[in-house]
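K.L.:
let's see this in three dimensions:
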Amino acid sequence: MQYLFTFFALTAIFRIEKPADAPPPNIVLIFMDDLGYGDLECYGGYPQHTPNLNRLAAEGMRLTNYYAAQAVCSASRAALLTGCYPNRVGISGALNHESKIALHPREETIAELLKAKGYRTGIFGKWHLGSREPFLPLQQGFDEYFGLPYSNDMWPVNYDGTPLDTTNYRGRYPILPLMEGNQPLRYLKTLDDQADLTKVYTERAVRFIKENHEKPFFLYLPHAMPHVPLAASQNFRGKSGQGLFGDVLMEIDWSVGEVMRALEMHGLSNNTLFIFTSDNGPWRTYGNHAGSTGGLREGKGTAWDGGVKVPCIMRWPGRIAAGSVCNKLVAAMDLLPTIAHACKADLPKEKIDGVSLWPLLDAQPGANPRTEFVYYYDRNNLKGIRKGQWKLVFPCSSQTYLHPGATADDGFPGKWGKTEVPLALYDLSSDPAETIDLKDRHPDVVTELSALADKYRRMLGDDLVKVEGTEVRAPGKVE
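P.N.:
As a prediction, the model looks like this:
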């Protein structure tokens, strides 16, 4: 597998220019749920075998410093689709059927930008940015929508698959709807009902490619898995030899292969920008039903790197050097301007936070479009900031998995833990696990990053120090 680890610095000699008269590229964006940095074989993951994802990486670029915007579902998805930090557009946490906010229809998504360029747009999977009109995908630029309106654990079913009654707060969720357009198509009532989600999403994605292969398209495939409750279809259940989590990853890898084969069948591979990534890191409280951070600190629900640093693979034969690796800092917000650049689409009218990654994907010498990243969590707490190799963590409360009983197995959650975090400075180039506090050795870096954080507080706010941001936009209000 040495071919997967070609040094990024050597890729410039393999650059191939796109012909001036080339047709608009297709965009395929596969977005996993709770997939960790250490879950994929091509990122050093063990023991799962993911041959299709290995191939995708071998034919494209692995980004090794890619960050989701926040370590929670709705906030992360808002950032991906709008190119904004989620607090800029007023989204935080994980929205459910009772949420009084949603992504505002005025926010321009990737789908809306590409639809304006004549693209056919489809989403097959989890939305999680508003569960009723006018906040569903068809009102945010998508021509087709088939999937769940929110997370697959937001239903009245216990961890062992038995029904819950209304004495349990989770039992007060409605039955989980599988949507077609703006209406429920059917309802998921059991774990077996969820077992075919990866399969049916993949089948719909393949059909979308077949039906639109003669026109440019944007395919957004946000899988439900490996978010709990885990479920795999009959063809994969018990087949990995690595438990249910391994079965789920095996089916995800199959799904990626099916999409790749559909592109090949219609002669589209060389004119498709294919992106694979995750919304946040693993929900480690679920033990053997959760993934791996690859040694990064903590996980989902935290502002540590285990919560937000995730895999990202990009492939576009002839445009992105095969087998290349990029270790520059990039973030989910950067995908919108990157895709817009590739498709010659306009950027949103309102301010965004993303930057185009094309200087990196083109292997331009010295390219480094993003140098800063801010770690917000909770409603709007600025918990840390990164510049270059340095990460400054601010005093705050944090969820933690580092306590007795933090994890459980076989689909049941461990106990919630909380810890107080002191001011600390970490050098992520030598200490990616964030274990050695260097603030006393580098007070100048602390001063520099603290001043930079104040700039973001003025723009986006910070509930920890009670600062209101001047550049935040209100979310949509759900009646």
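
K.L.:
for the chain, what spans make up the helices?
P.N.:
51-58, 73-82, 110-115, 191-194, 197-211, 243-265, 305-308, 335-343, 358-361, 443-460 (DSSP state H).

K.L.:
who does the last one touch, helix- and strand-wise?
P.N.:
Of the remaining helices and strands, those touching helix 443-460 by 3 or more CB pairs under 8 Å, 6 or more residues apart in numbering; DSSP states H and E are strand 372-377, strand 381-387, strand 390-393, strand 424-427. (Each C-beta comes from the backbone N, C-alpha and C, glycine too.)

K.L.:
rebuild the ones you listed as CSV, extending it with distance to Lys415, mean pLDDT and mean neighbour count.
P.N.:
Shown next, in CSV, are the helices and strands packed on helix 443-460 (distance: least, CB to CB, whole Å; pLDDT from 0 to 100; neighbours: other CB atoms under 10 Å):
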stretch, distance to Lys415, mean pLDDT, mean neighbour count
strand 372-377, 20, 98, 23
strand 381-387, 22, 98, 22
strand 390-393, 24, 98, 22
strand 424-427, 25, 98, 20
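
K.L.:
so which of these comes closest to His442?
P.N.:
Across the helices and strands packed on helix 443-460, His442 has its closest neighbour in strand 424-427 (6.0 Å, CB to CB).

K.L.:
distance from the chain centre to the closest one, please.
P.N.:
Offset of strand 424-427 from its chain centre (CA atoms, centre = their mean, to the nearest Å): 25 Å.

K.L.:
can you check which of the helices and strands packed on helix 443-460 gets nearest to Asp462?
P.N.:
strand 381-387 (4.2 Å).

K.L.:
that closest one vs helix 443-460, what angle?
P.N.:
130 degrees (axes from the mean of the first three to the mean of the last three CA atoms, to 10 degrees).

K.L.:
take the helices of the chain and lay them out in TSV including distance to Tyr401 and mean neighbour count.
P.N.:
Output for the helices of the chain, formatted as TSV (distance: least, CB to CB, whole Å; neighbours: other CB atoms under 10 Å):
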stretch	distance to Tyr401	mean neighbour count
helix 51-58	26	21
helix 73-82	18	28
helix 110-115	33	22
helix 191-194	25	18
helix 197-211	26	20
helix 243-265	16	21
helix 305-308	9	30
helix 335-343	28	22
helix 358-361	32	21
helix 443-460	26	16
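
K.L.:
now render the ones you listed as CSV, adding mean pLDDT.
P.N.:
Output for the helices of the chain, formatted as CSV (pLDDT from 0 to 100):
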stretch, mean pLDDT
helix 51-58, 98
helix 73-82, 98
helix 110-115, 98
helix 191-194, 96
helix 197-211, 98
helix 243-265, 98
helix 305-308, 98
helix 335-343, 98
helix 358-361, 97
helix 443-460, 98
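
K.L.:
nearest to Thr371, of the ones you listed?
P.N.:
So among the helices of the chain, helix 443-460 is nearest, using CB to CB, at 10.0 Å.

K.L.:
if I look at the residue nearest the centre of the chain, how far off is Ala332?
P.N.:
The residue lying closest to the centre of the chain (CA atoms, centre = their mean) is Asp279, at 2.3 Å. As defined by CB to CB, to the nearest Å, Asp279 lies at a distance of 8 Å from Ala332.

K.L.:
shared neighbours, the two?
P.N.:
68, 76, 80 (CB atoms under 8 Å, 6 or more residues apart in numbering).

K.L.:
could you list the domains of the protein?
P.N.:
2-370, 373-477 (automatic domain parsing).

K.L.:
most tightly surrounded among those?
P.N.:
domain 2-370 (a mean of 20; mean count of other CB atoms under 10 Å).

K.L.:
so how far is that domain from its chain's centroid?
P.N.:
The answer for domain 2-370 is 5 Å, by CA atoms, centre = their mean.

K.L.:
just to revisit the earlier point, with distance to Ala116 added, can I get the helices and strands packed on helix 443-460 in JSON lines?
P.N.:
Compiled in JSON lines, the helices and strands packed on helix 443-460 are given as follows (distance: least, CB to CB, whole Å):
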{"stretch": "strand 372-377", "distance to Ala116": "29"}
{"stretch": "strand 381-387", "distance to Ala116": "34"}
{"stretch": "strand 390-393", "distance to Ala116": "38"}
{"stretch": "strand 424-427", "distance to Ala116": "42"}
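
K.L.:
out of those strands, which comes closest to Cys343?
P.N.:
Between the helices and strands packed on helix 443-460, strand 372-377 lies closest to Cys343; by CB to CB that is 25.1 Å.

K.L.:
adjacent strands (with direction) for that closest one?
P.N.:
strand 381-387 (antiparallel) (DSSP bridges).
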